[in-house]
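Q: task: produce atomic coordinates for the following.
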Amino acid sequence: MDAIRLDHVSFTYEDLRRAKGAPARPALTDVSLAVPHGQFLCVIGHSGGGKSTLLRLISGLSHPTSGRVIVNGAPVTEPGLDRAIVFQDYSLFPWMRARANVAFGIEQADRVLKRGQSKQEMARTAERYLELVGMADAKDKYPYQLSGGMQQRVAIARALAMDTQIVLFDEPFGALDVKTRRALQALVATLWADSQNGKTAVFVTHDISEAILLADRVVFVADGRITADFMVDLPRPRTQELLTENARARQIAERLTALFYESEPVPGAGEGVPAEAPAERVQQGEGASRLWLES
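A: So this is what the prediction gives:
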């Protein structure tokens, strides 16, 4: 059984389009995708192409116009604490200090997943993840006392500390400086690789290098469809040096770059809709064309 499955999913932001007097235009069209347990999938493509819409459907924040989204064998009907998510914006509770924000996520996941942790254990877990993202010294600060990048690190700590089997990332590192971004990329890769229970990740990004560093598999989304799907068959752990020194990594980067130029975004694609607002297996012929990169 796959961790995530989309069967012939289409989605249209009809209300927003009609409110602006524009015809409804599909954000996703007949997308089928299967993500096996334990896979790190990166979704990449143009702004307005459908990447974040895909993630919202998996999270349960939006519902398909047609088709089905299935997580762990059950149809998705609403958001669930079996799926942690990190948004582009920081989504912290402004009345809670950093440690309390992280502990709240842990407590909610613990309640639903029935792990039976004590308050003290949850507090220690919250502090450990704040330390991992470099925010230990800010544990008692409120969100308004933190920069945007610092708030995002707290949000990432909260998602990772919830220890869910599925983690969804919507361009989580976009507001961070290069040094912090690279550190958190390495952290996410390490925590995912070290997971004993085979976590599944869907990670939306515009960053080609980020996708190569993190992904087992990449899908390219253009104009609401999956136009390419391939495995990133590079050894782990991966470093920044790999991107320039490894011929296979350079080949993958060149192909991803070419995909951006081959699939020009449709004019007005991002207008009137939320901002692009995540196995080797993909069902061939169901909304995806296989892209095989030669070794």
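
Q: going forward, measure contacts between C-alpha atoms and count neighbours the same way
A: Will do.

Q: so where's the stretch 1-150 of the chain shaky on pLDDT?
A: Residue ranges of the stretch 1-150 of the chain with pLDDT under 70: 15-24.

Q: need the strands for it, in chain order.
A: 4-12, 26-35, 40-45, 66-71, 74-75, 83-86 (DSSP state E, counting those that start in this stretch).

Q: and the first one, what does it pack against?
A: Strand 4-12 is packed against strand 26-35, strand 66-71, with contacts defined by 3 or more Cα pairs under 8 Å, 6 or more residues apart in numbering; DSSP states H and E.

Q: contacts for it, please.
A: Outside strand 4-12, the residues within contact range by Cα atoms under 8 Å, 6 or more residues apart in numbering are 24-37, 58, 63-72, 286-287.

Q: also the third one?
A: By Cα under 8 Å, 6+ apart, the list of residues contacting strand 40-45 from outside reads 35, 51, 200-208, 211, 214-222, 260, 278.

Q: and these, which of them are buried?
A: Buried by 16 or more other Cα atoms under 10 Å: 35, 51, 200-206, 208, 211, 214-222, 260, 278, out of the contacts of strand 40-45.

Q: circling back: most packed of the strands of the stretch 1-150 of the chain?
A: Most buried of these, by mean neighbour count (mean count of other Cα atoms under 10 Å): strand 40-45, with a mean of 27.

Q: quick one on the thing from earlier: any chance of the strands of the stretch 1-150 of the chain in TSV, plus distance to residue 104?
A: Converted to TSV, the strands of the stretch 1-150 of the chain look like this (distance: least, Cα to Cα, whole Å):
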stretch	distance to residue 104
strand 4-12	26
strand 26-35	29
strand 40-45	26
strand 66-71	24
strand 74-75	26
strand 83-86	13
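
Q: which one of those lies closest to residue 231?
A: Using Cα to Cα as the measure, strand 40-45 is the one of these that comes nearest residue 231, at 9.2 Å.

Q: sheet partners, orientation included, of the closest one?
A: strand 200-205 (parallel), strand 217-222 (parallel) (DSSP bridges).

Q: redo those strands as TSV? Include mean pLDDT.
A: Shown next, in TSV, are these (pLDDT from 0 to 100):
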stretch	mean pLDDT
strand 200-205	94
strand 217-222	95
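
Q: want to try a markdown table for those strands, with distance to residue 106 as columns?
A: Formatted as a markdown table, those follow (distance: least, Cα to Cα, whole Å):
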| stretch | distance to residue 106 |
| --- | --- |
| strand 200-205 | 18 |
| strand 217-222 | 29 |
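
Q: who does residue 222 bridge with?
A: The partner list for residue 222 in beta bridges (DSSP bridges) reads residue 225.

Q: separation between it and residue 66?
A: 19 Å (Cα to Cα, to the nearest Å).

Q: now residue 209
A: Shown here: residue 209 relative to residue 66, a distance of 34 Å by Cα to Cα.

Q: check residue 117 too.
A: 40 Å.

Q: residue 147: how many residues sit nearby?
A: Residue 147 has 12 neighbours, counted by other Cα atoms under 10 Å.

Q: with the one 5 residues further on instead?
A: Counted by other Cα under 10 Å, the residues lying close to residue 152 total 26.

Q: is it located within a helix, as I assumed?
A: Yes. Membership of residue 152 in a helix is supported by DSSP: H, G, I helix; E, B strand; the rest coil.

Q: wait, it sits on residue 101?
A: No. Counting by Cα atoms under 8 Å, residue 152 stays clear of residue 101, with 11.7 Å between them.

Q: let me see the contact set for residue 73.
A: Neighbours of residue 73 in contact, by Cα under 8 Å, 6+ apart: 1, 2, 3.

Q: just among those residues, which is most surrounded?
A: Greatest neighbour count in the contacts of residue 73, by other Cα under 10 Å, goes to residue 3: 20 neighbours.

Q: got the phi and psi for that one?
A: Note on residue 3: backbone dihedrals following degrees, to the nearest 10 are phi -70, psi -40.

Q: what about it, distance to residue 180?
A: Relative to residue 180, and taking Cα to Cα, residue 3 is found at 30 Å.
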